[in-house]
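S.K.: Give me a model of this one.
(one chain, ligands or ions: 1)
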Amino acid sequence: MSKINRPRFDNPLFVAIDTIDVQRAASLAKAVAASAGGIKLGLEFFMANGIDGVHRVRAAAPDLPLFLDLKFHDIPNTVAGAVRAVAPLAPALLTIHASGGPAMIKAAREAAAEAALRLGIDRAPAVVAVTVLTSMDDTDLMSVGQRGPASDQVLRLTDTALAHGAAGIVCAPTELVRLRARFGAQPLMVVPGIRPADAARGDQKRVMTPADARAGGADVLVVGRPITDAADPAQAAAEIAAEIAAAAELTGAA
Ligand SMILES: O=C(O)c1cc(=O)[nH]c(=O)n1[C@@H]1O[C@H](COP(=O)(O)O)[C@@H](O)[C@H]1O
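M.R.: Numbers count the residues shown, from 1 in each chain. Next up, the predicted model:
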């Protein structure tokens with residue numbers, strides 16, 4: 001297997017732009033461009049607008065890396081095909097579900113590397129594996145037949161994901177310290193479930209503030225509604241970026 005592609009982001013704030021409206025998505029991308037390190041487009045946006053829609057949003061903020069969060073979870077052959085299909089978008093990050101298992105994770109990683117080579121893309125998309133969704137707690141986990149507590153299941157899935165070629169994982173901020181202690185600094189830790197102290201949790205269950213998540217070792221902080229639902233998204237993004245930067249200074253993180 002080729003060397004693991006592990007990107008580093010100077011600015012770890014990725015704004016999740018969850019909408020079906022291309023114009024709104026483009027104007028949000030533009031509004032947050034000064035404070036964000038990247039934008040994330042996910043299922044909601046992609047189901048409505050597909051590859052063309054992604055191009056249109058990127059044109060609004062061309063310098064921002066793209067996190068394409070489609071959470072692939074299928075048989076290895078199908079996932080490899082899906083990775084190849086979106087590779088021309090050259091996302092910096094691409095998600096799969098770790099629970100798809102070793103062969104699926106390996107197939108995704110290999111498809112990303114091969115497609116990048118074939119397309120002449122400098123850097124293959126980093127495949128990151130979603131562990132336990134941040135909207136699930138221990139009871140939810142049990143109800144789908146998985147052994148909890150959530151933090152133990154995240155550890156097991158991280159082990160599997162990293163052993164089979166994922167560049168990193170998606171986890172809740174509450175698991176970061178334990179994961180860093182076990183897996184060290186190398187794996188990319190992508191962390192949603194971020195809520196400023198005064199923000200509504202919505203459907204998120206395992207949450208922390210931007211400062212605590214950064215101090216805990218998050219490489220990428222995924223923040224959606226606290227920014228996109230704010231009266232002034234540019235200002236909300238700037239405040240969260242400042243909170244992250246202050247936490248990084250305190251802890252000596254880059
Ligand atoms: O893969 C993800 O990005 C993801 C994984 C996870 O466990 N939880 C989670 O919330 N996400 C995504 O992160 C974003 C969080 O958005 P907000 O809850 O609005 O901040 C959404 O786009 C989710 O799809």
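
S.K.: for whichever residue of the stretch 51-200 of the chain sits closest to the ligand, what are its contacts?
M.R.: Nearest residue of the stretch 51-200 of the chain to the ligand: P192, at 3.3 Å (CB to the nearest ligand atom). C-beta: built from backbone N, CA, C; applies to glycine. Listed by CB atoms under 8 Å, 6 or more residues apart in numbering, the contact set of P192 reads 16, 134, 170, 172, 204, 222-224.

S.K.: contact partners of stretch 81-94?
M.R.: Taking CB under 8 Å, 6+ apart as the criterion, the residues outside stretch 81-94 that touch it are 7, 9, 38, 40, 51, 54-55, 58, 65-70, 72, 74, 107-108, 111-112, 114-116, 119, 121, 123, 125-128, 188, 190, 220.

S.K.: Let me see the ranges of the helices in the protein.
M.R.: 22-32, 43-60, 76-86, 102-119, 138-143, 150-163, 176-183, 210-215, 225-228, 233-251 (DSSP state H).

S.K.: So among the contacts of stretch 81-94, which ones count as buried?
M.R.: By the neighbour-count criterion of 16 or more other CB atoms under 10 Å, the contacts of stretch 81-94 include these buried positions: 7, 9, 38, 40, 54, 58, 65-70, 72, 107-108, 111-112, 114-116, 121, 125-128, 188, 190, 220.

S.K.: Pull the contacting residues for the closest residue to the ligand within the stretch 101-250 of the chain.
M.R.: Using CB to the nearest ligand atom, the single residue of the stretch 101-250 of the chain nearest to the ligand is G224, 2.6 Å away. Shown here is G224, whose contacts under the criterion CB under 8 Å, 6+ apart are 15-18, 40, 192.

S.K.: Same list (those residues) but as TSV, adding distance to S151 and pLDDT.
M.R.: Written out in TSV, the entries for the contacts of G224 read as follows (distance: CB to CB, whole Å; pLDDT from 0 to 100):
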residue	distance to S151	pLDDT
V15	27	98
A16	23	98
I17	29	98
D18	26	98
K40	24	98
P192	16	98
